[in-house]
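Undergrad: build me a model:
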Amino acid sequence: MIAPPTPHRTLELRLEDGAIIFVRQHGKPGAPRLVLSHGNGLAIDAYLPFWGPLCERYEVIVFDFRQHGANPSNPAWSHNWPTFVRDMEHVWQAINHSFGVRKAAGVFHSMSAICSILHTFEYGPRWEVLALFDPPFSARDGHPLRALNQPAKNDLAARARRRRPSYNSPEEFAGQLASVPIFRRWVPEAYALFAKATLRHDRASGAWRLACPRELEARVFEAAADPTIWPRMANMPVPLELICADPEAEDAGPPALIGQAMAVELPIEYESIVDTSHFLQIERPDECIRATERFLNRHGFSASQGQ
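TA: Numbers count the residues shown, from 1 in each chain. Down below sits the predicted model:
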């Protein structure tokens with residue numbers, strides 16, 4: 001099975017309430033710095049088909065949000081959007097302290113993409129540029145797409161609560177993922193990567209349990225409905241591109257449709273990847289890499305330049 005590379009260095013970041021985030025450095029230290037994270041209930045190692053090739057040309061720093069992926073979980077720890085935003089600031093500060101103060105491009109998907117916008121609103125420009133993959137924005141008040149948001153978030157929360165909490169092995173989970181029609185576009189190695197990255201082995205029972213407990217995943221989906229983000233993004237202080245799923249696809253979801261609509265009204269860059277869903281980075285990773293690098297190059301963040 002394809003596996004994530006061994007990091008050059010790993011930071012163990014301990015947060016105010018005791019939660020732990022592991023921050024991992026890959027790629028070429030000294031090359032332009034990319035920082036990547038994931039969507040709700042997921043883990044960054046599941047995106048290896050996308051970020052693995054970037055390690056050849058960039059310093060690639062990856063992290064899972066609290067109580068996701070490689071990080072431990074504890075019911076006593078906070079798990080909500082304001083906490084995620086504070087955590088992102090701690091991660092940004094820790095990267096600069098431990099790996100050197102340098103410009104960084106944020107390359108974020110879904111939940112982490114929304115968090116990067118909220119983080120910028122609260123702390124100012126931290127990222128040199130932001131490449132955001134299919135963020136699940138809420139449509140602004142008064143827009144026809146606003147009616148999509150409530151049913152969509154309710155459906156996602158309900159599905160999260162119905163997830164199996166444990167499996168006999170990652171292979172069992174990978175097989176289940178491969179049988180689900182909405183995941184049909186994934187590259188073949190993504191199923192095993194996703195399963196291994198989002199499960200944690202319980203030595204006591206021998207079972208493999210969801211790294212992010214399903215109730216926590218559901219709560220985040222339920223809370224993601226802020227229609228004020230869209231209009232506030234008219235004044236973003238850093239260059240930003242939305243790289244979205246195909247809005248013309250038969251199964252196009254609200255993030256793809258809303259991202260396209262936002263790009264009509266706002267001074268932001270936008271492109272969509274043909275025949276993709278919300279998981280576009282593990283469906284068409286090569287096209288997503290090219291889209292990311294076109295955006296980076298337009299803003300002087302080329303892999304051929306030191307930062």
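
Undergrad: need phi/psi at R14.
TA: In terms of degrees, to the nearest 10, the main-chain angles of R14 are phi -100, psi 130.

Undergrad: ditto for G106
TA: Main-chain torsions, G106, degrees, to the nearest 10: phi -90, psi 130.

Undergrad: what residues are up against the residue nearest to it when sequence neighbours are not counted?
TA: Nearest residue to G106, sequence neighbours excluded (C-beta to C-beta, 6 or more residues apart in numbering): W127, at 3.9 Å. C-betas here are computed from N, CA, C, even on glycine. Residues in contact with W127 (C-beta atoms under 8 Å, 6 or more residues apart in numbering) are V35, A104, A105, G106, S116, T120, V238.

Undergrad: what's the end-to-end length of stretch 233-248?
TA: With C-alpha to C-alpha, to the nearest Å as the measure, the ends of stretch 233-248 fall 24 Å from one another.

Undergrad: now that stretch: buried residues?
TA: Within stretch 233-248, the residues that count as buried by 16 or more other C-beta atoms under 10 Å are M233, M236, V238, P239, L240, E241, L242, I243, C244, A245, D246.

Undergrad: what about that stretch, distance to the chain center?
TA: Between the centre of stretch 233-248 and the centre of its chain there are 14 Å (C-alpha atoms, centre = their mean, to the nearest Å).

Undergrad: returning to that earlier point: among the contacts of W127, which ones are buried?
TA: Applying 16+ other C-beta under 10 Å to these flags V35, A104, A105, G106, S116, T120, V238 as buried.

Undergrad: got CSV for the residues you listed, with pLDDT too?
TA: Formatted as CSV, these follow (pLDDT from 0 to 100):
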residue, pLDDT
V35, 98
A104, 97
A105, 98
G106, 98
S116, 98
T120, 98
V238, 97
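
Undergrad: with secondary structure and distance to I273 added, can I get these in TSV?
TA: Below are the buried ones among the contacts of W127 laid out as TSV (DSSP: H, G, I helix; E, B strand; the rest coil; distance: C-beta to C-beta, whole Å):
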residue	secondary structure	distance to I273
V35	strand	21
A104	strand	24
A105	strand	19
G106	strand	19
S116	helix	19
T120	helix	24
V238	coil	22
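
Undergrad: dump these to TSV, plus distance to S169.
TA: Converted to TSV, the buried ones among the contacts of W127 look like this (distance: C-beta to C-beta, whole Å):
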residue	distance to S169
V35	32
A104	37
A105	36
G106	34
S116	34
T120	40
V238	43
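
Undergrad: ok, those residues vs S138, which is closest?
TA: Taking C-beta to C-beta as the measure, S138 lies nearest S116 of the buried ones among the contacts of W127, at 16.0 Å.

Undergrad: low-scoring stretches of this structure, by residue?
TA: 1, 305-307 (pLDDT under 70).

Undergrad: fine by me, we can end here.
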